[in-house]
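Novice: structure for the following, please:
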Amino acid sequence: MIQIDDTLVSLDVIERYFLCDLPRCKGECCVEGDSGAPLEEAEFHKLREILPVVWDDLSPEARAVIQKQGVGYIDDDGDIVTSIVGDKDCVFTRYDEHGVCQCAIEKAFREGRVDFMKPISCHLYPIRVTRYDGFQAVNYHRWKVCKAAEILGEKERVPVYRFLKEPLIRRFGKEWYEALETCAEEWEKQKRGSADR
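Specialist: The predicted model follows:
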């Protein structure tokens, strides 16, 4: 583990490789799972605020779920999560002409229609942040649906933390990310030094 401020970062974040391969996985991480995407309370309110802007991008099934229970709900763990359609798709998913799952919120953001990219838990994936008393754990979540991303990441030599530079800075700040980069570089030097002995 690496400690930066009040965070404990798993070594997997700097040692493992990851690069989304959407043509292969088709955005499965927005579909599979036990519940919707974790939301912070402010994000829940933001989703309600921008809903009219993305409404036409949502499927009729998603609209029906939102009309019935809203953009989110409290799951079995007591966390606020996005509502889901048919125990699978996040209500904010949409599909392109190739069957690739996309985020309607991110689409609206990229088009300049909203000022919110998407929930930070989605932006950070496959990193998951868990809060404990006095610290936060930053872990790499390995999952079978992301196997193609691990293979492509290893081929292109893209560590998890580099792939997720933008969301990590969004979540923890630029100074925190620069500290993580420094730790990763030192870790690599130590590993190379050990291998040379």
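Novice: show the pLDDT at Gly33.
Specialist: pLDDT for Gly33: 65.
Novice: immediately after the lowest-mean-pLDDT helix or strand in the chain, which helix or strand?
Specialist: Using mean pLDDT, DSSP states H and E, helix 22-25 stands out as the lowest-scoring helix or strand of the chain, at a mean of 78. Downstream of helix 22-25, the next assigned helix or strand under DSSP states H and E is helix 41-54.
Novice: if we look at the lengthiest helix in the chain, which residues are touching it?
Specialist: Longest helix of the chain, by residue count under DSSP state H: helix 174-196. Helix 174-196 is contacted from outside by 2, 4-5, 7, 9, 11, 13-15, 159, 161, 165, 168-169, using Cβ atoms under 8 Å, 6 or more residues apart in numbering. Where C-beta positions appear, they are placed from N, C-alpha and C, glycine not excepted.
Novice: run a quick neighbour tally on the nearest residue to Arg48 once chain neighbours are set aside.
Specialist: Counting by Cβ to Cβ, 6 or more residues apart in numbering, Val71 is the residue found nearest to Arg48 once chain neighbours are left out, at 5.7 Å. Each residue near Val71 was counted by other Cβ atoms under 10 Å, and the total is 24.
Novice: contacting residues for Val71?
Specialist: Contacts for Val71 (Cβ under 8 Å, 6+ apart) come out as 44, 47-48, 51, 82-83, 91.
Novice: roughly how far does it sit from Glu150?
Specialist: For Val71, the distance to Glu150 equals 31 Å [Cβ to Cβ, to the nearest Å].
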